[in-house]
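In: my questions concern the predicted model and sequence given below.
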Amino acid sequence: MSAAVLPLPPLDDQRISPRAYLAHIGALTRRNLMRIKADPESMFDAILMPIIFTVLFVYVFGGAVAGSQGHYIQYMVPGMLGQIGISLAMAVGTGLNSDFQTGVMDRFRTLPIGRASVLISKLISESCRSLLSLVILISFAMLLGLRIHTGPLQLLLALALAMAFGAGMVWVSMLLGMALKSPQAVQGIGFLIIMPLQFGSSTFAPTSTMPGWLQAFTKVNPLSALADSSRALINGGPVLHPALQVLAWSVGLTAVFAPLAVMKFKKRT
Amino acid sequence: MTKSAGSPSAVTVRGMAKYYGETRALDGVDLEVREGTVRGVLGPNGAGKTTLVRILSTLIRPDAGSATVAGWDVLQQPRQLRRAIGLTGQYASVDELLSGYENLYLIGRLLDLSAKGAKARALELLERFSLTEAARRPVKTYSGGMRRRLDLAASMIGQPRVLFLDEPTTGLDPRTRNEVWQEVQRMVSEGSTVLLTTQYMDEAEQLADDVTVVDRGRVIAEGSVEALKRQVGGQTLTVRPARPEQLDEMVRCLAGHGAVAARGELVLPVGDEEQLTALIGELGRRGFGVAGIETRLPSLEDVFLAVTGATAKDAPAQPAERNQQAEQDQSRMERV
């Protein structure tokens, strides 16, 4: 046995040094990315969803909702940032649930690593996927005629807001993924959560023609705030209020659901 | 193989209990594994073997009782404990999409080896487990035996002081099973303490110094393999009476030799050929008609018969039934 490798560094207390924590997260994130490389089909949703959704919504609803495709692209595509973000976020739980069906999670849970590192690494690799998807969305929409009336900085801010909100939703999704029994159940419940959020918002159509009770819902729906702030950041207009709303939601979701998810990860048998 | 009785304890379990609703998966288990020895935990499906291993490897918490592994408390010092153990479960816990090398490298990094150290350790273990050629292929292309070997290699990365093997050969063909046995023997010769669960008497016999027999969450027998075998006999004789109504009478007649009735047959342990001949002669002298007679190596069921005098629920009876049993185990995905 090669003496150069061993013994392992000594371990005398329960604490994990921040450096070791980062190294664990790095190793696990590398694993997640290598899994994507080994299974490129797992990227189909992230790559194709923005393209298919944009084509469908712009050409099916564009004329009816906004009078022309050109107007509708400017209205709908900024909202799509949030809608793609949470669709991808909700898929994370399904994948995590499948991971638990194999013995790999047991292996990780019997290693002396920080309990949150597996979930944080998942969040990081999923954020990479999400960023790629959002970039494809904007690039494709620009091909179809989207104009950025503001500047690159505002565009980046719009992406960052969608990613921040997506990150909050990833924790919700991971908690669901560990709390429910099967990947199918996770997918089903996830779908039930995001459908009303997506369509009961200002993402696809202005809320002014909706009945009062629905308008009340759209006002508190974070996806409305996300769509409104992205629209302002791309087309111009008042940004601060909706952007702060989105930030508050992102921080709130993470503050509540990240600890719950980590606790569930520790306890899941 | 047996070490001196005075060697310090690597695993200590006291009054361990775990309940799932009405089910008592573990119901007050005490267990001691001496440093450097192999302890076989023998029992049928649902006996609580996997629950015990999952508690000792910090995957689940017990409802009552205490345990230490390598001197660390399972509840108070989980992180130090995790550094001291390796676990190979019933289902290969390796990443199907990654290569064998990447799997081992990842675990080395998670055990705080440097990048260089993790690489060297991965290559060393791949070599040792004869996986060097397949090192760069994704694990999903591996055979069942290769996967199990990789799984064992993964458990060995941190040179664990205590190794838990939960039914390491369930679902494997005989050849692969022998490979796994050899590897386990080698680990032991290098000083690891092993706690091994199994449903198979012959596996316990091959690998274990001491055996604990569990059933429905309780320890029902404990001792060295030799002692258990003396109790069970070297072979098991089954006799099918020509007239079924005579079975009870036959059992009474040979009760002094440890005979019991099971599934319409008389079952009893036999030590050697002379004893076998004498027993058959005895039956003949008493005028019992014999329709069929068979000897075989003792199975888990025979152990149960010998220990409890009752048929163990769900115990795999014969080697012939084992493959079928193994397939059922394979298809069983939910956890205990």
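Out: Yep, it's here. It should be emphasised that the depicted structure is a prediction, and the values quoted were computed from it without experimental measurement.

In: is it true that B:L196 touches B:V41?
Out: Yes. Applying CB atoms under 8 Å, one finds B:L196 in contact with B:V41, separated by 6.9 Å. All C-beta atoms are positioned from the backbone trio N, CA, C, and that covers glycine.

In: what residues are up against the residue in the stretch 1-150 of chain A that chain B sits nearest to?
Out: Relative to chain B, the nearest point of the stretch 1-150 of chain A is A:G103 (2.9 Å; CB to the nearest CB). Counting by CB atoms under 8 Å, 6 or more residues apart in numbering or on different chains, A:G103 makes contact with B:G89, B:Y91, B:A92, B:S93, B:V94.

In: still on that earlier bit, comparing B:L196 and B:V41, which residue is more hemmed in?
Out: B:V41 (30 against 26; other CB atoms under 10 Å in any protein chain shown).

In: what's the strand or helix carrying the more buried one in contact with?
Out: Using DSSP states H and E, the element containing B:V41 is strand B:38-42. Strand B:38-42 is contacted by residues B:1, B:11, B:31, B:33, B:49, B:52, B:184, B:188, B:193-199, B:201, B:203-204, B:207-214, B:225, B:300, B:303 when judged by CB under 8 Å, 6+ apart.

In: what strands flank that strand, and is each parallel or antiparallel?
Out: Strand B:38-42 sits in its sheet next to strand B:193-198 (parallel), strand B:210-215 (parallel), going by DSSP bridges.

In: mean confidence score for the first one?
Out: Averaged across strand B:193-198, pLDDT comes to 94.

In: show me just the buried residues among the contacts of strand B:38-42.
Out: Buried by 16 or more other CB atoms under 10 Å in any protein chain shown: B:11, B:31, B:33, B:49, B:52, B:184, B:188, B:193-199, B:201, B:203-204, B:207-214, B:225, B:300, B:303, out of the contacts of strand B:38-42.

In: interface residues of the stretch 101-250 of chain A facing chain B?
Out: For the stretch 101-250 of chain A, the residues in contact with chain B (CB under 8 Å from any CB of the partner chain) are A:Q101, A:T102, A:G103, A:V104, A:D106, A:R107, A:F108, A:R109, A:T110, A:L111, A:P112, A:I113.

In: redo that, cut-off 10 Å
Out: For the stretch 101-250 of chain A, the residues in contact with chain B (CB under 10 Å from any CB of the partner chain) are A:101-115, A:117-118, A:181.

In: among the residues you listed, which lie within helices?
Out: In this view, these that belong to helices under DSSP state H are A:Q101, A:V104, A:M105, A:D106, A:R107, A:F108, A:R109, A:S117, A:V118.

In: looking at the residues you listed, which two lie furthest apart in space?
Out: Across those, the longest distance by CB to CB is 20.6 Å; it joins A:Q101 and A:S117.

In: for the chain, what are the low-confidence residue spans?
Out: No chain specified, so I'll use chain A. A:1-14, A:269 (pLDDT under 70).

In: chain B, not that one
Out: B:1-7, B:92, B:233, B:300-301, B:308-336.

In: ranking the contacts of A:G103 by neighbours, who comes first?
Out: B:V94 (25 neighbours).

In: where exactly do the helices run in the chain?
Out: Using chain A here. Using DSSP H, helices in chain A cover A:18-38, A:44-66, A:69-101, A:104-109, A:117-143, A:152-179, A:183-199, A:212-220, A:222-235, A:240-267.

In: wait, chain B was what I had in mind.
Out: B:49-56, B:78-84, B:100-110, B:115-128, B:144-156, B:174-189, B:201-207, B:225-232, B:247-253, B:273-285, B:300-308, B:319-331.
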